[in-house]
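Student: next comes the sequence, and after it the predicted model I'd like to discuss.
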Amino acid sequence: MSILKDVLLELFSMFIADVRLTGAILATVVISALLIDATRLPPLAGGVVLLLGCIAVLFLSVRREASRKSEG
Amino acid sequence: MLEWSTAGPAVGAAFLASIVEVVEAFTIVLVVATLRGWKPAVLGTGAALFVLAAVVVILGPLLDQVPLHLLQLVIGVLLLLFGIGWLRKAALRAGGIIPLHDEDAIFAKETADLNAEVERRQTSQDWIAGIAAFKAVLLEGLEVIFIVIAVGAGRGLLWPASLGALAACALVLMIGAVAHRPLARVPENTLKFGVGVMLSAFGVFWTGEGLGVDWPGHDLALFVFAALFLAAGLMAARMVRQPLGEAT
């Protein structure tokens, strides 16, 4: 059971190492999907939002973790 | 006919990511071999490879049943979660916020942990050592399988990506067999940085295609995404390297 538990924990941590990061990435995907499916904008606009959104999420997440470490 | 603009990034990502994972597994297998001999190390590794092969045999045919756009979307989102997570950690390590991965230190810690486990339990020492090797190879191997599927499945590139991963395994094992010590000189954070960049680029590409985006330049867009993520990762690392007061 310990091995199975470790495997499941590893799989979980592969994708959800940081809850805020995961939430921000999923929110970016949802916004892009809404732009593509629910507006008259060309799909590429949603793609650009996805790309730039993910880059912004990376920046903010690195910055937030750095400030958290420097405060702690 | 295989096009290298398509297959190159998939094979490269699978190769580099597999080097990182195999080096980590190799360190623990080496701990087991050093403490208890090669028999439990090889048995544990062999059992894990058998389980991993079973996972591939069971999952492989299932992938063909999933509609392509859904497969691209699901794998793309998982790649974004995995790739940006790696890139974030690599940027924090490059910026000196969290310590670098040190295979020598991990070797020493795993040796101490395994010794403590052997003393604590009444079961066979070889059994405990074999289980340690089994878990290490299984856990790191699952990550390799995910990466191979993720970069290969959306374009029918599972075989080239698998060959990239196998080449990485062979390379690490050959170097490990010669060096017979933890591969501490592998520039792991640089590799992780590169892999994080490539997986994030694949993630945006697949997610976009899954949502119906027709990327200009098609597969060549991957290189543009990778360049943007690389620049963003380097800038993020540089930003946090400065005192935060100056960065704001």
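Tutor: Received it, and whenever you're ready, just let me know what you need. Numbers count the residues shown, from 1 in each chain, chains lettered A, B, ... in the order given.

Student: from here on, contacts and neighbour counts on C-alpha atoms
Tutor: OK.

Student: show me which residues of chain B are close to chain A?
Tutor: B:77-78, B:80-82, B:84-85, B:87-89, B:91-92, B:97, B:135, B:138-139, B:143, B:204, B:207-208, B:211-215, B:225, B:229, B:232-233, B:236-237, B:239-240, B:244 (Cα under 8 Å from any Cα of the partner chain).

Student: state the mean pLDDT of the strand or helix carrying residue B:171.
Tutor: Element membership of residue B:171 [criterion: DSSP states H and E] is helix B:158-179. Average pLDDT, helix B:158-179: 84.

Student: for that helix, packing partners?
Tutor: On a contact count with 3 or more Cα pairs under 8 Å, 6 or more residues apart in numbering or on different chains; DSSP states H and E, helix B:158-179 meets helix B:4-36, helix B:125-152.

Student: compare the ones you listed and report which one is nearest to residue B:171.
Tutor: With Cα to Cα as the measure, helix B:4-36 is the member of the helices and strands packed on helix B:158-179 nearest residue B:171 (8.2 Å).

Student: got the contact list for residue A:64?
Tutor: Taking Cα atoms under 8 Å, 6 or more residues apart in numbering or on different chains, we find residue A:64 in contact with no residue.

Student: let me know the pLDDT of it.
Tutor: So residue A:64 comes in at 91 (pLDDT).

Student: that older thread, as JSON lines, the helices and strands packed on helix B:158-179 with distance to residue B:191, mean pLDDT and mean neighbour count would be great.
Tutor: Converted to JSON lines, these look like this (distance: least, Cα to Cα, whole Å; pLDDT from 0 to 100; neighbours: other Cα atoms under 10 Å in any protein chain shown):
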{"stretch": "helix B:4-36", "distance to residue B:191": "6", "mean pLDDT": "83", "mean neighbour count": "22"}
{"stretch": "helix B:125-152", "distance to residue B:191": "14", "mean pLDDT": "85", "mean neighbour count": "23"}
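
Student: circling back to that earlier point, check which residues of the helix holding residue B:171 are buried.
Tutor: B:158, B:160-162, B:164-169, B:172-173, B:176 (16 or more other Cα atoms under 10 Å in any protein chain shown).

Student: over to stretch A:47-58?
Tutor: A:47-55, A:57-58.

Student: biggest separation within these, which pair?
Tutor: Farthest-apart pair in the buried residues of stretch A:47-58 is A:47 and A:58; separation 16.8 Å (Cα to Cα).
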